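# everything below, folded, please.
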Amino acid sequence: SESCRLVADLLERSRGGLHLHQHGYSHTNHQAEGRECEFGPARSLELQRSDIEHGHEQLRAAFGAAVEPIFTPPWNRCTEETAHALEAVGLRVLSRDSTAEPLERTSVIEVPVQVDWLKKTAGCRLRGERFMHYLCEPFAAADALGRGHVLPALQRARRRLRPRRPGDPRRPGRRLVRRQ
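All right, here's what the predicted structure looks like:
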């Protein structure tokens, strides 16, 4: 597919600096009611394991060692059964919403996420400077408390992502994606 060719091109251009992880299988809501969830209580351990395994096999076949043993469920929601399915498949890390109840009785490492990539304010999706501010805010707080060293890198990224204005000097660096 075109998406696979684009990812393969990005991986080649990154020279080992880019890694991938699995985000669900089909991004299908299997819940009859309630919040959307691909790996929710409506699905058995075996069905979840099968989808996770098939998805992981497809990623590994297409992208090899660039695929990390990390799983993020669509909508950042899943069940305890999902963690057991991940263990069975050999995935070691689960990244999901930071408000989720911690898992019990599993060796899977949880990495909670707090970034809402589709964040909206007053009904409008955040973009550009406002979105970068939203991304940098938690890191800035951690940095101010002496618990983070990521802020300078994020600030550099913020400057790079700012739209170029007339008169701005050309920014150095190479593009990873070719313009069509």
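
# where does this protein have low pLDDT?
For the chain, the stretches with pLDDT under 70 are 115-123, 126, 134-180.

# list the contacts of the closest residue to Arg35 other than its chain neighbours.
Leaving out its chain neighbours, the residue that sits closest to Arg35 by CB to CB, 6 or more residues apart in numbering is Arg77, at 6.5 Å. Placement of C-beta: from N, CA and C, glycine included. When contacts are counted by CB atoms under 8 Å, 6 or more residues apart in numbering, Arg77 is found next to Arg35, Glu36, Cys37, Phe39, Gly40, Arg96, Asp97, Ala100.

# was I right to think the last one contacts Pro112?
By that I understand Ala100. Yes: assessed by CB atoms under 8 Å, Ala100 is found in contact with Pro112 at 7.2 Å.

# so which of the two has more stuff around it?
A count of neighbours by other CB atoms under 10 Å puts Ala100 above the other of Ala100 and Pro112, at 16 against 13.

# does that one count as helix, strand or coil?
Assigned by DSSP: H, G, I helix; E, B strand; the rest coil, the conformation of Ala100 is coil.

# how near is it to Ala88?
Distance of Ala100 to Ala88, computed by CB to CB, to the nearest Å: 20 Å.

# and the helices in the chain, which stretches?
Secondary structure of the chain (DSSP state H): helices at 2-14, 45-63, 80-89, 128-144, 151-161.

# now do the longest strand anywhere in the chain and helix 80-89, the angle between them.
Across the chain, the longest stretch assigned as strand under DSSP state E is strand 67-71. Interaxial angle of strand 67-71 relative to helix 80-89 (axes from the mean of the first three to the mean of the last three CA atoms, to 10 degrees): 160 degrees.

# all good on my end, thank you.
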